[in-house]
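>>> Quick one: sequence plus predicted model below, questions after.
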Amino acid sequence: MNRYRHAIRIGIVLVALLCPGIDSAPARGQARQVAQYTIEDFLATTDYGGESFSPDNTKLLVNSNESGIFNAYAVPVAGGKPKPLTTSTKESIFAMEYFPHDERFLYESDVGGNELDHVYVQKPDGSVQDLTPGTDLKAFFVGWAQDDRSFFIGTNERDKRYIDVYEYDPNTYQRKMIYENKEGYNFAGISPDRRIIALSKVVTNADTDIYLLDGQAGTRKLLTDDAKPAQNQVQTFSPDGKYLYYLTDKEDEFMYLVRYDLGTGTVEPVQKTNWDIMYAYLSHEGKYLVVGINNDARTELRMYEAASMKPVKLPELPDADIKSVSISRDERHMAFYASNSRMPWDLFYCDFSGSKPRQLTRSLSPKINPQDLVDGRVVRFKSYDGLEIPGILYRPQQAGKEARTPALVMVHGGPGGQSGIDYQAEIQFLVNHGYAIYAINNRGSSGYGKTFFHLDDRKHGQADLDDVVAARRMLADLEYVDGKHIGIMGGSYGGYMTLAALTFRPEAFDVGIDLFGVSNWYRTLQNIPPYWESFRADLEQEMGDFNDEATLKAKSPLFHAKNIKKPLMVLQGANDPRVLKVESDEIVEAARANAVPVEYVVFDDEGHGFVKKKNQARGFQAALDFLDKYLKPGPARP
């Protein structure tokens, strides 16, 4: 799968299970009391990610925060305890891939969450070398060449605005630049013979073009010459070099998969559905095609024999969805993750002989009974103008008509993210402690067609905010929700929406919890990281002209903070490069001037999001304490 396309993005994209209709009756019988667990219990759950096969296919390289911070581990496919390969205690380490012929591996790591990653190689003896030395640069692993004789790394060391791509020798680590990015044409893939480089060019947030750069001829050809704006996203070259696979929404609401014949110049459809295809990739020799579909915020995974497009039957697991598939280079082994609302992502292994999948990790804390957790349900409601808005509803098991609970509208990151229902420790923690949560996918969210996605363009704090306010009314109508005690919570763009609700709709919610949300759009957009330059047109179409100070300040909560009347909590990473700490500092100062309760938590060693368990524990316990004090029904509070 093309990793570069996902390397720089705003927002958090989750997955969901399909279950339509407004929640008017208990999903699993009447209200019942459940054991309540501490945040430490929830964080005793281990997060896993990544699944690169070792050269002999006996183990998988993964990331895990078992130690409290992310490190690299090797998981035996025969079963057994993961073996730590790195032992960082300060900075998170995210492993990429094993080398094809030995057990060296590549990993990425930044400093304190500043997102200025470097790429490192570690040998089996534990020695480490930084392959991208220097200061104030961002680098990331792009992938291996088809013949496994070299690998590629992108870095902005030459020009902070743009990512150049280098080819590395796996033995000497000598490198040569294969793509110099001077105009914001982003590297998206390279043909097996290294002659053709696929490039993407962002025109607007509704229009991305694909170009083919011929390294021998020195020519650049526009592949997607669309009469109307269309999103086009490179996925992969076929291993034989004949085709380029890409996604497009040309003349359609949803992204679908096509392939371009490099010899004849013809384009033919490969797969099309009534939902967005999120990604597609081929196994190493091209035998299998894996396709991920965003089916109503649920990841639907399909796998085919690529030559015939005959479906390959995936393993069936009770009450779980397969989220990710990795196929070994010899195409005989498969690893995948499976998850649901009550089960964190766990790693499984099987081979293509038809053997039963083997579960390699059991990540949920043994202290937690999954029957005490809740299933998320897709629930839709009609918003202020009749538009149907989807979201994920979590009902506390102890909630009922005679035991109404307070509730939260939770807003995802973005703009343009999507909420779903894979396991979310922070959601289950709050629900377990008696808070109903509705994770809204307001207009502007991805996954519901391009018309829905663009409904909030340049209307943030208005059209999208009114959806959020309408969600509050929907929650208040549920028989098990205490309609007088409903708050709002969100991170990044969701943090902005929290602040917007408290300033622009000050009577709508009873409390707000803002995690690293924008308070001043003018300043934020003036200070975007330099390596976002190639996405500037996308952001301007979404948010507005970066230099239109009056319009941006009009939608910025900081300049309307006098309207804040309800208790506010703010959580912020000191090293956040996207939403600078000053954004939170100033909104906190302004809100406190109103003599309303304001609590502020800053993490000195975090960036945009909190990845260290000790910080997660502190932050979410503080959030629960805040909600118990200011939102939960009870005696009058100061």
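All right, it came through fine. Residues are numbered from 1 along each chain as shown.
>>> Can you give me every residue that contacts Y522?
Residues near Y522 by Cβ atoms under 8 Å, 6 or more residues apart in numbering: E549, L552, K553, S556. (Each C-beta comes from the backbone N, C-alpha and C, glycine too.)
>>> Filter the residues you listed down to the buried ones and hand me the ChimeraX line.
Buried members of the contacts of Y522, defined by 16 or more other Cβ atoms under 10 Å, are picked up in ChimeraX with:
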select :552,556
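>>> and of the contacts of Y522, the nearest to I587?
S556 (9.6 Å; Cβ to Cβ).
>>> The closest one touches S519, doesn't it?
Yes. Using Cβ atoms under 8 Å, S556 is in contact with S519, at 6.3 Å.
>>> Need the overlap of contacts for those two.
Contacts common to S556 and S519, judged by Cβ under 8 Å, 6+ apart, are absent.
>>> Can you give me every residue that contacts L387?
Taking Cβ under 8 Å, 6+ apart as the test, what L387 contacts is R443, L455, D467.
>>> at 7 Å instead, please
R443 (Cβ atoms under 7 Å, 6 or more residues apart in numbering).
>>> for it, phi and psi?
phi -70, psi 140 (degrees, to the nearest 10).
>>> ok, so what distance separates it from G354?
47 Å (Cβ to Cβ, to the nearest Å).
>>> Run through the strands of the stretch 101-250 of the chain in chain order.
Secondary structure of the stretch 101-250 of the chain (DSSP state E, counting those that start in this stretch): strands at 105-109, 118-122, 128-130, 139-144, 151-155, 164-168, 175-179, 186-190, 196-204, 207-214, 219-222, 232-237, 243-248.
>>> a markdown table please, covering the ones you listed and showing mean neighbour count, mean pLDDT and distance to T361.
Putting these into a markdown table (neighbours: other Cβ atoms under 10 Å; pLDDT from 0 to 100; distance: least, Cβ to Cβ, whole Å) gives the following:
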| stretch | mean neighbour count | mean pLDDT | distance to T361 |
| --- | --- | --- | --- |
| strand 105-109 | 23 | 98 | 19 |
| strand 118-122 | 20 | 98 | 22 |
| strand 128-130 | 12 | 98 | 25 |
| strand 139-144 | 22 | 98 | 23 |
| strand 151-155 | 24 | 98 | 27 |
| strand 164-168 | 20 | 98 | 31 |
| strand 175-179 | 15 | 97 | 35 |
| strand 186-190 | 24 | 97 | 31 |
| strand 196-204 | 20 | 96 | 35 |
| strand 207-214 | 19 | 97 | 36 |
| strand 219-222 | 12 | 96 | 45 |
| strand 232-237 | 23 | 98 | 28 |
| strand 243-248 | 23 | 98 | 31 |
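>>> tell me which of the contacts of Y522 is nearest to G483?
Among the contacts of Y522, and counting by Cβ to Cβ, the member closest to G483 is S556, at 30.0 Å.
>>> hang on, that closest one packs against L525?
No. The criterion here is Cβ atoms under 7 Å, and S556 misses it with L525 at 10.3 Å.
>>> buried ones in the helix ranked longest in the chain?
Longest helix in the chain by number of residues (criterion: DSSP state H): helix 613-630. Neighbour counts over helix 613-630 (16+ other Cβ under 10 Å) mark 613, 615-620, 622-624, 626-627, 629-630 as buried.
>>> With stretch 526-536 instead?
So, applying 16+ other Cβ under 10 Å, buried residues of stretch 526-536: I528, P529, Y531, W532, E533, S534, F535.
>>> before we move on, what about stretch 155-165?
Those would be T155, N156, E157, R161, Y162, I163, D164, V165, for stretch 155-165 by 16+ other Cβ under 10 Å.
>>> Dump it to PDB, restricted to CA.
The C-alpha coordinates for stretch 155-165 follow below in PDB (Å, rounded to 0.1, in the frame of the first residue of the first chain):
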ATOM      1  CA  THR A 155      12.900  13.900   3.600                       C
ATOM      2  CA  ASN A 156      12.500  17.700   3.500                       C
ATOM      3  CA  GLU A 157      16.200  18.400   4.400                       C
ATOM      4  CA  ARG A 158      16.800  20.300   1.100                       C
ATOM      5  CA  ASP A 159      13.700  22.500   1.200                       C
ATOM      6  CA  LYS A 160      11.500  22.500   4.300                       C
ATOM      7  CA  ARG A 161       8.400  22.900   2.200                       C
ATOM      8  CA  TYR A 162       8.700  19.800   0.000                       C
ATOM      9  CA  ILE A 163       9.600  16.100   0.400                       C
ATOM     10  CA  ASP A 164      12.400  14.800  -1.800                       C
ATOM     11  CA  VAL A 165      12.900  11.000  -2.200                       C
END
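>>> gap between it and the chain center?
Distance, stretch centre to chain centre, for stretch 155-165: 24 Å (Cα atoms, centre = their mean, to the nearest Å).
>>> residue ranges with poor pLDDT in the stretch 301-450 of the chain?
318 (pLDDT under 70).
>>> how about a cut-off of 90?
313-324, 340-341, 352-356, 414-415, 420-424 (pLDDT under 90).
>>> do the stretch 501-638 of the chain as well
For the stretch 501-638 of the chain (pLDDT under 90), the answer is 534-535, 537-538, 541, 633-638.
>>> Would you map the helices across it?
Ranges of helices within the stretch 501-638 of the chain are 521-526, 536-543, 549-554, 581-592, 613-630, based on DSSP state H, counting those that start in this stretch.
>>> so which of these gets nearest S150?
Comparing the helices of the stretch 501-638 of the chain by Cβ to Cβ, helix 536-543 comes nearest, at 31.1 Å.
>>> Point out the other helices and strands that the closest one packs with.
With contacts defined as 3 or more Cβ pairs under 7 Å, 6 or more residues apart in numbering; DSSP states H and E, helix 536-543 has these neighbours: strand 196-204, helix 521-526.
>>> now the buried residues of stretch 155-165 in CSV, with distance to I564?
Output for those, formatted as CSV (distance: Cβ to Cβ, whole Å):
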residue, distance to I564
T155, 42
N156, 38
E157, 43
R161, 37
Y162, 40
I163, 40
D164, 45
V165, 46
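>>> Need the max-distance pair from those residues.
It's R161 and V165 that sit farthest apart of the buried residues of stretch 155-165, by Cβ to Cβ, at 14.8 Å.
>>> mind checking which of the helices of the stretch 501-638 of the chain is nearest L478?
L478 lies closest, by Cβ to Cβ, to one member of these: helix 613-630, at 18.1 Å.
>>> mind listing what L568 touches?
L502, G512, D514, A591, V596, V598.
>>> Quick check: of those residues, which has the highest neighbour count?
Neighbour tally across those (other Cβ atoms under 10 Å): the maximum, 34 neighbours, falls on D514.
>>> what bridges to it?
Using DSSP bridges, the beta-bridge partners of D514 come out as G490, V570.
>>> I figured it was touching A501, is that so?
No. D514 is not in contact with A501 according to Cβ under 7 Å; the separation is 9.8 Å.
>>> As a check, name the ranges of all helices in the stretch 301-450 of the chain.
Under the criterion DSSP H, counting those that start in this stretch, the stretch 301-450 of the chain contains helices at 425-432, 450-453.
>>> Centre of the chain to the longest one, how far?
How far helix 425-432 lies from its chain's middle: 19 Å, per Cα atoms, centre = their mean.
>>> Same check on stretch 474-483?
For stretch 474-483, the distance to the chain centre is 30 Å (Cα atoms, centre = their mean).
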